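Participant: Let's see this in three dimensions:
(one chain, ligands or ions: 1)
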Amino acid sequence: MTEPLLRAIDVSKDFAFSRSLLDVVRSKPAKAVHALNGVSLDVKRGETLGIVGESGCGKSTLARCLVRLHECDGGRVVFNGTDISKLSGADRRAFNARVQMIFQDPYSSLNPRMTVRQILSEALRVHKMRPADQIDARVAELLDLVRLPQDAADRHPHAFSGGQRQRIGIARALAVEPEVLVADELVSALDVSVQAQVVNLLLELQDRLSLTVVFVAHDLRLVRHISHRVAVMYLGKVVEVAPTEALFSNPRHPYTQALLAAAPEVDPTRRTRRVAAKGELPSPIDLPTGCLFHTRCPHAFDRCQSDVPPLTSRGPGHIAACHLLQPEPLT
Ligand code: SF4
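Facilitator: Okay, the predicted model is just below:
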């Protein structure tokens with residue numbers, strides 16, 4: 001479990017910000033939302049990598065760049081040694097099958113006029129996964145894999161609960177036998193009890209099928225439960241990456257510390273109203289200079305406003321980007 005299978009290398013992504021008529025008349029320059037600002041991240045073969053951060057930190061944009069639903073503006077995404085922006089034709093289709101995305105709202109991506117059998121059969125046929133006479137058997141296997149009853153095959157998506165629809169979405173992703181699943185807020189729209197069932201199913205499938213999983217979520221408890229390693233993002237940048245228990249027991253970056261301090265306690269008697277960090281998240285249109293976190297960091301000093309802190313080692317497999325921390329020797 002050491003080889004990087006999927007890599008983001010200095011990835012940046014901007015989205016054009018629409019100007020008001022007044023801005024156009026005044027010839028004000030077009031602005032852009034800087035969603036990703038030089039993200040570098042390795043996803044190792046066979047691991048589950050959690051990606052966390054406040055809403056608006058760019059984690060969903062990164063997920064979409066990893067599966068090439070967005071093209072990067074700068075940097076590159078490399079899968080199995082190949083820059084995915086260079087893939088076309090059959091190679092692009094093969095990549096699309098090997099790296100699958102599962103969305104927060106499977107209902108919007110499931111054709112309401114098709115039965116589950118038709119949805120799964122279509123994926124099998126388009127990617128030529130099975131000869132025609134084996135498709136029904138494979139549909140039955142896929143339903144078993146995601147713990148749906150066999151009679152689910154002939155029902156339409158609206159006949160299922162949110163958790164069951166998420167299972168259909170997972171079955172469709174698995175139909176093309178991917179190596180990587182990128183799950184973007186997979187369970188955030190579900191009830192807590194259903195969340196646990198779907199997350200445990202994903203854990204089981206990851207182990208059984210040797211999948212590599214990128215699990216994007218804002219719920220730190222779920223991320224801790226499912227991930228081998230966790231990456232923390234702030235304003236379109238990775239600020240800390242560590243093995244899960246190292247990150248939760250010894251967070252090194254001030255933003256990670258604030259994020260964990262603000263996470264709700266499991267014990268309701270210990271719950272308090274806490275925020276991830278003081279102040280507002282700066283606008284991704286006008287990013288702060290230097291360390292992006294300096295406008296909210298309780299430890300900020302002069303250098304933080306001018307110099308971008310690099311990601312450096314904080315222990316085995318643990319990196320963080322903060323001027324306060326002295327690098328530790330690589331182990
Ligand atoms: Fe805070 Fe400065 Fe460290 Fe950024 S570099 S996290 S502002 S102390």
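Participant: Can you give the distance of stretch 277-288 from its chain's centre?
Facilitator: The chain centre lies 21 Å from the centre of stretch 277-288; the measure is C-alpha atoms, centre = their mean, to the nearest Å.
Participant: residue boundaries of the helices in the stretch 1-150 of the chain?
Facilitator: Ranges of helices in the stretch 1-150 of the chain, per DSSP state H, counting those that start in this stretch, are 21-25, 59-66, 89-98, 106-109, 116-126, 135-145.
Participant: Quick check: which of these is buried the most?
Facilitator: Among these, the stretch with the highest mean neighbour count (mean count of other C-beta atoms under 10 Å) is helix 59-66, at a mean of 24. All C-beta spots, glycine's among them, are computed from the backbone N, C-alpha and C.
Participant: Can you pull the residues of the protein lying near the ligand?
Facilitator: Residues of the chain lying close to the ligand by C-beta under 6 Å from any ligand atom are 253-254, 291, 293-294, 297, 299-300, 304, 309, 322-324.
Participant: can I get the residues you listed in a markdown table with neighbour count?
Facilitator: As requested, the residues of the chain next to the ligand are exported to a markdown table (neighbours: other C-beta atoms under 10 Å):
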| residue | neighbour count |
| --- | --- |
| H253 | 28 |
| P254 | 24 |
| C291 | 26 |
| F293 | 24 |
| H294 | 22 |
| C297 | 21 |
| H299 | 12 |
| A300 | 17 |
| C304 | 22 |
| P309 | 20 |
| C322 | 22 |
| H323 | 18 |
| L324 | 16 |
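Participant: can I get these in CSV with pLDDT and secondary structure?
Facilitator: As requested, those are exported to CSV (pLDDT from 0 to 100; DSSP: H, G, I helix; E, B strand; the rest coil):
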residue, pLDDT, secondary structure
H253, 96, coil
P254, 96, helix
C291, 97, coil
F293, 97, coil
H294, 97, coil
C297, 96, coil
H299, 95, coil
A300, 96, coil
C304, 97, helix
P309, 96, coil
C322, 97, coil
H323, 96, coil
L324, 92, coil
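Participant: shaky segments in the stretch 51-200 of the chain?
Facilitator: Counting by pLDDT under 70, the stretch 51-200 of the chain has low-confidence residues at 106-107.
Participant: tell me the contacts of the closest residue to the ligand within it?
Facilitator: Nearest residue of the stretch 51-200 of the chain to the ligand, counting by C-beta to the nearest ligand atom: G53, 14.1 Å away. By C-beta atoms under 8 Å, 6 or more residues apart in numbering, the contact set of G53 is K59, H218, V232, M233, Y234, L259.
Participant: Out of those, which sit inside strands?
Facilitator: V232, M233, Y234 (DSSP state E).
Participant: Mind picking the one among these that's closest to the ligand?
Facilitator: Checking those against the ligand by C-beta to the nearest ligand atom gives Y234 as the nearest, at 8.9 Å.
Participant: For that closest one, which residues count as its bridge partners?
Facilitator: In this entry, Y234 is beta-bridged to K237, by DSSP bridges.
Participant: can you pull the contacts of it?
Facilitator: Each residue near Y234 by C-beta under 8 Å, 6+ apart is listed here: G53, E54, C57, Y255, L292, F293.
Participant: could you dump the helices of the stretch 1-150 of the chain to JSON lines with distance to P243?
Facilitator: Formatted as JSON lines, the helices of the stretch 1-150 of the chain follow (distance: least, C-beta to C-beta, whole Å):
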{"stretch": "helix 21-25", "distance to P243": "47"}
{"stretch": "helix 59-66", "distance to P243": "19"}
{"stretch": "helix 89-98", "distance to P243": "26"}
{"stretch": "helix 106-109", "distance to P243": "31"}
{"stretch": "helix 116-126", "distance to P243": "34"}
{"stretch": "helix 135-145", "distance to P243": "29"}
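Participant: So which of the ones you listed is nearest L222?
Facilitator: Set against L222 and scored by C-beta to C-beta, these come closest in helix 59-66, at 13.6 Å.
Participant: Can you tell me which helices and strands that closest one packs against?
Facilitator: Applying 3 or more C-beta pairs under 8 Å, 6 or more residues apart in numbering; DSSP states H and E, one finds that helix 59-66 contacts strand 4-17, strand 31-44, strand 48-52, strand 99-102, strand 180-184, strand 212-216.
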